[in-house]
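> Sequence unavailable; structure follows:
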């Protein structure tokens, strides 16, 4: 693993190259026919974008941004997470450093500062949470508190949880999301390929999981576990909410229904990228199948895979690595709720890191339908985000952050 100093000197392109080296075989240069197809796709995208009334508005450029979100009580502010270890507050035409923890973060490839989440009572409590990897490769969630609307206190740091991730630098998960007062976060399976330790299927380790905790200290412990978590009082770690995930880099909650639902973009091995979508209630104790399954199919690589454990939750959508000739990593997004974008209402917006096309589909509990291109491209999309006004954002690892706006 690279040192922190060397990692800080990495450009966004170097970080992207390191990530892709772990996901893709070597590719040759594009042929004339490939270029013709790409030109045709670009024209089709422009036409589709015009028909669907959606455009991208650039709101700024940042240092390897990987996430963007709003905060309860501060509708005019946007918070951009930079992978090297900084969070930038954007508002009123200005950018301000909200939090700088580059001294704590081990950055490079898929590692770094990966997410931030603000609880519903943030305006009053001032507390928020960050997800990052340290120099040892461990996954950490820490609590901080803000001093002002645009400045946090580094000295307020309170470690919440540390999850060892000692062997490989990839598959770190990275998403934090609140649903009510409970904090959910997704961890990768520990890296390399095929999950040889079978972390994802083991309920005794916290890798390859969706975890749920109350991050506030209680009873002398840095966090507590809801008694309704599925493995409380049963074999398995109490923090686990769901298991059988490979690398749930980005997930989100869909609250457009009576029962909240969760959408997980789980990064595949060599064949399929998948979208898992179910009610939050059904996700309790659910096994999403890795490494017995990849996408809808049985995972059967040279190093085998776990025998079918039975009762796994199948994805609602999967696509092959050959789609468009350049697929590699699903970047999970959000179900659109912005009333200014009627053509996207109720559709799940997502992308692929290598394709760069923004896409949308209609999520159903059994199977998705209507997958289509939006006619918009973002170079190396690393994440999506949503602010307090339900406006959607797309993030490019190369620097720009965009808002989806009416055309």
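Received, thanks. What you see is a predicted model, and the numbers here were worked out from it, not measured in a lab.
> Just grab the bridge partners of the residue nearest to the spatial centre of the chain for me.
Centroid-nearest residue in the chain, with CA atoms, centre = their mean: residue 250, separated by 1.7 Å. Beta-bridge partners recorded for residue 250 (DSSP bridges): residue 265.
> For the stretch 301-407 of the chain, give me the ranges with low pLDDT.
Counting by pLDDT under 70, the stretch 301-407 of the chain has low-confidence residues at 301-304, 324-325.
> in it, which spans are strands?
Listed in chain order, the strands of the stretch 301-407 of the chain (DSSP state E, counting those that start in this stretch) span 317-320, 330-335, 348-352, 357-362, 369-377, 381-386, 392-396, 400-406.
> I'd like those strands as TSV, with mean neighbour count appended.
Just so you know, the C-beta spots here come from the backbone N, C-alpha and C atoms, and that holds for glycine as well. Below are the strands of the stretch 301-407 of the chain laid out as TSV (neighbours: other CB atoms under 10 Å):
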stretch	mean neighbour count
strand 317-320	20
strand 330-335	26
strand 348-352	25
strand 357-362	21
strand 369-377	18
strand 381-386	26
strand 392-396	25
strand 400-406	19
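> Please tabulate these in CSV, including the columns distance to residue 169.
Below are the strands of the stretch 301-407 of the chain laid out as CSV (distance: least, CB to CB, whole Å):
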stretch, distance to residue 169
strand 317-320, 26
strand 330-335, 19
strand 348-352, 22
strand 357-362, 28
strand 369-377, 29
strand 381-386, 17
strand 392-396, 21
strand 400-406, 25
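> Any idea which of the ones you listed gets closest to residue 180?
Residue 180 lies closest, by CB to CB, to one member of these: strand 381-386, at 16.8 Å.
> roughly how far out does the closest one sit from the chain middle?
8 Å (CA atoms, centre = their mean, to the nearest Å).
> Could you point out the longest strand of this protein?
strand 151-163 (DSSP state E).
> List the contacts of it.
Contact partners of strand 151-163, identified using CB atoms under 8 Å, 6 or more residues apart in numbering, comprise 87, 89, 96-101, 128-129, 138-147, 187, 206-207, 213, 215, 217, 222-223, 239.
> Sort out for me which of these are in helices.
Among the contacts of strand 151-163, no residue falls in helices (DSSP state H).
> Among the residues you listed, the buried ones, what's the ChimeraX command?
Burial among those is assessed by 16 or more other CB atoms under 10 Å; the matching ChimeraX selection reads:
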select :87,89,98,99,100,101,128,129,138,139,140,141,142,143,144,146,187,206,207,213,215,222,223,239
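> coming back round to it: which one, of the strands of the stretch 301-407 of the chain, ends up nearest to residue 266?
strand 330-335 (7.3 Å).
> List the neighbouring strands of the closest one plus their orientation.
In the sheet, strand 330-335 lines up against strand 348-352 (antiparallel) (DSSP bridges).
> Need the contact partners of the strand it pairs with.
Counting by CB under 8 Å, 6+ apart, residues outside strand 348-352 touching it are 254, 263, 265, 273, 275, 277, 319, 323, 326-336, 357-363, 368, 374, 378, 381, 384, 392, 394, 404.
> could you redo the last one with a cut-off of 7 Å?
Outside strand 348-352, the residues that touch it by CB atoms under 7 Å, 6 or more residues apart in numbering are 263, 265, 273, 327-336, 357-361, 363, 378, 381, 384, 392.
> Could I get the pLDDT score of residue 201?
For residue 201, the model assigns a pLDDT of 97.
> What of residue 14?
46.
> tell me the mean pLDDT for the longest strand of the chain?
98.
> in it, what counts as buried?
So strand 151-163, judged by 16+ other CB under 10 Å, has buried residues 152, 156, 160-161, 163.
> any idea how far residue 181 is from residue 96?
Remark: distance between residue 181 and residue 96 (CB to CB, to the nearest Å) = 28 Å.
> Span of stretch 270-283 from start to end?
In stretch 270-283, first residue to last residue: 25 Å (CA to CA, to the nearest Å).
> what's the offset of that stretch from the middle of its chain?
On CA atoms, centre = their mean, the centre of stretch 270-283 falls 13 Å from the chain's centre.
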